[in-house]
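Asker: Got a sequence here, can you build the structure:
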Amino acid sequence: MKRWFLVAIVFVVVGGVWISAVQARKGKEVKKMPPDLGIRKPAVAGMWYPADADELHRMMVRFFENAKKPPIPGEIIGLVAPHAGFEYSGLIAAHSYKQVQGKHFDVVFVLAPSHHEFFRGASIFTGEGYETPLGVVPVDRKTAAELLATDKIFHAGWEGHRQEHSLEAQLPFLQTALGDFKMVPIVMAERDWDTCRRVGEAIAKVARGRRVLLVASSDLYHGYSYDECNATDRRTLAAIEKFDAHAFNRGLNRGEYQACGGGPITAVMVAAKELGANKAKVIAHTTSGDVTGRKSGYIVGYGSVVFYKENKDMGGKTEKVGVDLGLSKQDKKTLLMIAKKTIEARVKGQPFPKFEVTSPRLLEKRGAFVTINKHGMLRGCIGYVLPVKPLWETVMEVAESAALRDPRFPPVTPQELPDLEIEISVLTVPREIHDINEIEVGKHGIIIERGFNSGLLLPQVATEYGWDRETFLDHTCQKAGLPPGCWRDRSTVIKIFSAEVFSEKDVDD
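Answerer: Sure thing, here's the model as predicted:
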C-alpha cells in the first residue's frame with residue numbers, strides 16, 4: 001500500500017512544468033513555484049557605486065535632476081541603460097529611467113549580459129529579491145514561474161547572478177524612478193538570434209495584458225580609440241533606433257555594432273515589438289572619454305534608448321516651447337545655415353564664411369543663443385542676452401563661441417562635426433520681476449543676479465529636464481554660482497525673458 005502511495009505522488013517534469021503522474025494522465029498542469037534562492041546580496045556596492053544608502057540617494061537625486069526628459073509621444077514599453085561605474089555612466093542611465101519616473105508597472109523584466117559565467121539559455125534568479133543599499137527589490141516569483149514554464153530556454157538558479165554587476169547596476173535607478181516594484185531578473189550569456197528571439201517572445205507571452213517595463217542593460221563600444229568609439233556607437237544606436245531586432249542582431253554578430261548587452265537589447269526589442277511598441281528613440285549618448293576628459297587609453301561608450309508605442313493622436317508633435325517672434329521658415333533656415341557653416345569653418349581653422357542677408361527680420365538687432373548638442377547631450381551654449389547686433393551677425397558670432405569657447409567643454413573637433421545638432425534661441429529683451437508666479441515654465445527663461453554673480457537658463461531647459469518653477473529657479477541660482485534657494489533672498493534680482501526656439505527638425509520640409 002505504501003509503495004503505491006509513493007508512486008502516486010511522484011512528480012515528473014513535462015515541458016518545464018511540474019505535474020503529478022495522475023494529473024498528467026488527466027491533461028491538467030499544476031505550476032509549481034521555482035526554488036527560493038534567498039536574497040541576492042550586493043556584489044559591487046562600494047566599488048561600482050556607493051555602499052552608503054544616503055550617499056547613493058544623493059547621487060541618484062543629482063543624476064535625475066540633471067537628466068533630460070524629452071517628450072515621448074506614446075507609451076514607453078522598454079529601454080536600454082548602461083551599467084558601468086556610476087561616475088562614468090550614471091547620468092546616461094538616469095536619462096533612460098527619468099522617462100518612466102513616477103510611473104507604475106505590474107512587473108519589470110531586467111535583462112542583463114553575463115560577464116563572468118558562460119551558460120546556455122537564460123538564467124532567472126528566483127529568490128526572494130535582489131538587495132541594494134536602498135533596500136530589497138522583490139522578485140515576482142509567480143511571473144518567473146510562468147516564464148520558466150513557457151520555454152526551456154530559461155532555467156532557474158544562480159548562474160550569471162553571483163557576481164554580475166550589469167543587472168545589479170540597474171536597480172538603484174529603478175528604485176529611485178519607480179519606488180516599490182517587482183521584477184524578473186534575467187541574465188543572458190549568449191546572443192545568437194534563436195536565443196534572443198525565444199527569450200523575447202516568451203517574455204511577451206507572459207507579459208501580455210499587463211503593464212510592464214522591459215530593461216536591457218548594456219554599454220556600447222569598448223576599445224582604445226575615442227574617434228572609433230563615437231563612430232561605432234553612432235552606427236549601433238542608429239541600428240537600434242531602426243527597431244529591427246533581427247537586422248540589429250545580425251549586424252551585432254558580424255561585428256558591425258558593439259554592445260556587451262547586445263543579447264538583452266535584441267530580446268527586449270523582440271518583446272517590446274510583440275507588446276505593441278513601434279518606435280525607438282535615442283535619448284542620450286556619451287563616452288568615458290567625455291566624462292573624464294581623457295580621450296586616450298581605454299574608452300567605453302554609453303547610450304540611453306527608449307522603445308515606445310506611438311500615440312497617433314499626438315501626431316508626434318509636442319507643445320511648443322517659447323514664443324513666436326514672427327520669424328519665417330526661411331529666416332530660420334538661413335540662421336541655422338549660418339550657424340552650421342560658421343561652426344564647420346571655424347572648427348577647421350578656416351575664416352568666417354561670407355553671408356549676404358537681406359531679410360528685414362534678420363537685420364533687426366536681437367539677442368540670441370546657439371546651443372550645440374551631441375547625441376542628446378549639451379556640447380556648448382553661448383549667446384548675447386541684449387540686442388547689440390543684427391540677428392544674423394549675433395548668430396554667427398555666438399555659434400563660433402559655442403563651438404570653441406564654452407569654458408565647460410573642450411573645443412569641438414572636426415571629427416565631431418557629423419554628430420552635432422544645432423538649436424537657436426532668439427531672445428526677447430529681459431525684464432525684472434518681483435513675483436515668481438509670473439514665470440511660466442516652457443515660456444520663460446530666467447536670469448538670476450546678485451552682486452557680481454549672474455546666471456541664465458533658456459526657456460527650453462526646464463522643459464527638457466522636467467523641472468517645475470522652483471527647481472528651475474534653484475538651477476538658475478546654481479548657474480550663477482549661488483546656492484539653491486538664493487532667489488528667495490531680497491537682494492537677488494530675478495529677470496525673465498522668452499525666446500523663439502528652433503532646430504533643423506523644426507524647419508524640415
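Asker: what's the nearest residue to residue 362 once chain neighbours are set aside in contact with, if anything?
Answerer: Spatially, and ignoring its direct neighbours in sequence, residue 362 is nearest to residue 392 (4.4 Å; Cβ to Cβ, 6 or more residues apart in numbering). (Glycine included, C-beta is placed from N, CA and C.) By Cβ atoms under 8 Å, 6 or more residues apart in numbering, the contact set of residue 392 is 334-335, 338, 355, 357, 362-363.
Asker: ok, which pair from those is furthest apart?
Answerer: 338 and 363 (13.0 Å; Cβ to Cβ).
Asker: any common contacting residues for the two?
Answerer: Counting by Cβ under 8 Å, 6+ apart, the shared contacts of residue 338 and residue 363 are 357, 392.
Asker: Compare these two (neighbour count), which wins?
Answerer: Legend: neighbour count by other Cβ atoms under 10 Å for residue 338 and residue 363, higher for residue 338 (23 against 13).
Asker: State the distance from that one to residue 302.
Answerer: The gap separating residue 338 from residue 302 is 33 Å, by Cβ to Cβ, to the nearest Å.
Asker: try residue 62
Answerer: Residue 62 is 17 Å from residue 302, where distance means Cβ to Cβ.
Asker: Likewise for residue 355?
Answerer: 38 Å.
Asker: Also residue 405?
Answerer: Noted for residue 405: a distance of 27 Å to residue 302, by Cβ to Cβ.
Asker: check which helix or strand covers residue 166.
Answerer: helix 165-168 (DSSP states H and E).
Asker: And the following helix or strand past that helix, what does it pack against?
Answerer: Downstream of helix 165-168, the first helix or strand assigned by DSSP H and E is helix 171-178. In terms of contacts (3 or more Cβ pairs under 8 Å, 6 or more residues apart in numbering; DSSP states H and E), helix 171-178 is packed against helix 53-65, helix 86-98, strand 107-113, strand 129-132, strand 135-138.
Asker: what's near enough to touch residue 95?
Answerer: Counted by Cβ under 8 Å, 6+ apart, residue 95 has contacts 67-68, 283-284, 304, 376.
Asker: if we go to 6 Å?
Answerer: Contact analysis of residue 95 by Cβ atoms under 6 Å, 6 or more residues apart in numbering lists 67, 283-284, 304.
Asker: all helices of the stretch 201-350 of the chain, in order?
Answerer: All helices of the stretch 201-350 of the chain, identified by DSSP state H, counting those that start in this stretch, fall at 226-242, 245-254, 262-274, 288-292, 329-347.
Asker: which regions of this protein sit below the pLDDT cut-off?
Answerer: For the chain, residues meeting the criterion pLDDT under 70 lie at 1-31, 313-319, 509.
Asker: the domain parsing of it - what is it?
Answerer: Using automatic domain parsing, the domains assigned to the chain come out as 1-32, 40-314, 329-507.
Asker: Pick the most buried one from these.
Answerer: Highest mean neighbour count of those: domain 40-314, a mean of 20 (counted as mean count of other Cβ atoms under 10 Å).
Asker: How far does that domain sit from its chain's centre?
Answerer: Chain-centre distance of domain 40-314: 10 Å, with Cα atoms, centre = their mean, to the nearest Å.
Asker: ditto for stretch 442-453
Answerer: Distance of stretch 442-453 from its chain centroid, counting by Cα atoms, centre = their mean, is 28 Å.
Asker: for the most centrally placed residue in the chain, what are its contacts?
Answerer: Nearest to the geometric centre of the chain sits residue 96, at 2.8 Å (Cα atoms, centre = their mean). Contacts here follow Cβ under 6 Å, 6+ apart; on that basis residue 96 touches 79, 81, 304.
Asker: who touches stretch 217-236?
Answerer: Identification of contacts with stretch 217-236 by Cβ under 6 Å, 6+ apart yields 80, 82-84, 112, 166, 170, 257-261, 265, 287, 289, 295, 299-303, 415.
Asker: how long is stretch 455-472 end to end?
Answerer: Taking Cα to Cα, to the nearest Å, the first and last residues of stretch 455-472 lie 12 Å apart.
Asker: Let me see the residues that make contact with it.
Answerer: With Cβ under 6 Å, 6+ apart, stretch 455-472 has contacts from 68-69, 321-322, 425, 439, 441-442, 444-448, 476, 479-480, 499, 501.
Asker: how far out from the middle of the chain is stretch 403-415?
Answerer: Per Cα atoms, centre = their mean, the displacement of stretch 403-415 from the mean C-alpha position of its chain is 24 Å.
Asker: Correction: the previous question concerned stretch 456-475.
Answerer: 19 Å.
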